[in-house]
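A predicted structure for the sequence below; I have some questions about it.
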Amino acid sequence: MESHGKYVRDRLSIFVDGNNMFYAQQKNGWFFDPRRVLEYFTQDPTVVLINAFWYTGLKDAQDQRGFRDALISLGYTVRTKILKEYYDDASGRYSQKANLDIEIVVDMFNTVEQYDRVILFSGDGDFERAIELLRSKNTHITVVSTEGMIARELRNATDRYIDLNDVRGHIEKSDF
């Protein structure tokens with residue numbers, strides 16, 4: 001945290017693993033509002049939002065265009081990757097997947113000098129090592145996910161874990 005006179009600034013960056021969060025929200029039966037997420041995590045006047053990144057896989061270049069435009073207008077930096085189709089031997093079905101873990105980690109480390117605190121919306125255990133390294137640089141890490149979808153390794157590596165359902169009242173998308 002940076003101190004300017006008597007004011008302490010808490011520089012925050014938010015990273016949203018969009019595909020991981022889509023499944024978490026589907027599992028919970030409700031969806032969060034990207035605008036309300038920014039409002040909720042920056043309501044403390046000492047918090048300065050430095051960056052907000054949103055990562056998502058696309059079926060094609062036009063996929064989710066309106067949603068992506070809305071995210072950009074809210075201030076998110078949107079990173080995308082075209083979904084890859086693969087055959088899943090276990091289920092005998094084709095699935096689509098876009099893995100943006102590398103992009104998330106690259107952005108975290110590329111901007112590490114700009115923030116004091118990270119909020120990562122993901123339950124993916126692949127982030128464990130990156131989180132450990134960021135914490136060794138005195139970065140405070142909060143992971144937001146949901147029970148049954150948060151990897152034990154990730155939960156153990158983080159400073160703070162928030163279950164989506166515990167902040168539902170603050171971030172849920174409303175239909176009006």
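That came through fine.

what are the ranges of the strands in this structure?
Secondary structure of the chain (DSSP state E): strands located at 2-4, 7-17, 47-58, 77-82, 84-88, 93-97, 117-121, 140-145, 160-163.

Tell me which residues are up against the fifth one.
Contact with strand 84-88 is made by 93, 94, 95, 96, 97, 98, as judged by CB atoms under 8 Å, 6 or more residues apart in numbering. C-beta: built from backbone N, CA, C; applies to glycine.

then that strand to CSV, C-alphas only?
Taking Å, rounded to 0.1, in the frame of the first residue of the first chain, the C-alpha atoms of strand 84-88 are listed here in CSV:
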residue,chain,number,x,y,z
LYS,A,84,-10.9,-25.3,-29.6
GLU,A,85,-12.9,-28.4,-30.1
TYR,A,86,-11.6,-31.6,-28.7
TYR,A,87,-12.9,-35.2,-28.3
ASP,A,88,-13.4,-36.2,-24.7
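
rewinding a little: kindly reformat the strands of the chain as TSV containing mean pLDDT, mean neighbour count and distance to residue 151.
Shown next, in TSV, are the strands of the chain (pLDDT from 0 to 100; neighbours: other CB atoms under 10 Å; distance: least, CB to CB, whole Å):
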stretch	mean pLDDT	mean neighbour count	distance to residue 151
strand 2-4	53	8	32
strand 7-17	90	19	12
strand 47-58	97	19	17
strand 77-82	97	16	21
strand 84-88	88	10	20
strand 93-97	85	11	17
strand 117-121	98	23	12
strand 140-145	98	22	9
strand 160-163	98	14	11
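
Now distance to residue 103 too, for those strands, in TSV please.
Below are the strands of the chain laid out as TSV (distance: least, CB to CB, whole Å):
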stretch	distance to residue 103
strand 2-4	27
strand 7-17	10
strand 47-58	6
strand 77-82	5
strand 84-88	14
strand 93-97	14
strand 117-121	13
strand 140-145	18
strand 160-163	23
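
Would you mark the buried spots in stretch 127-143?
Under the neighbour-count criterion of 16 or more other CB atoms under 10 Å, stretch 127-143 has 127, 128, 130, 131, 134, 139, 140, 141, 142, 143 buried.

Cool, thanks, signing off.
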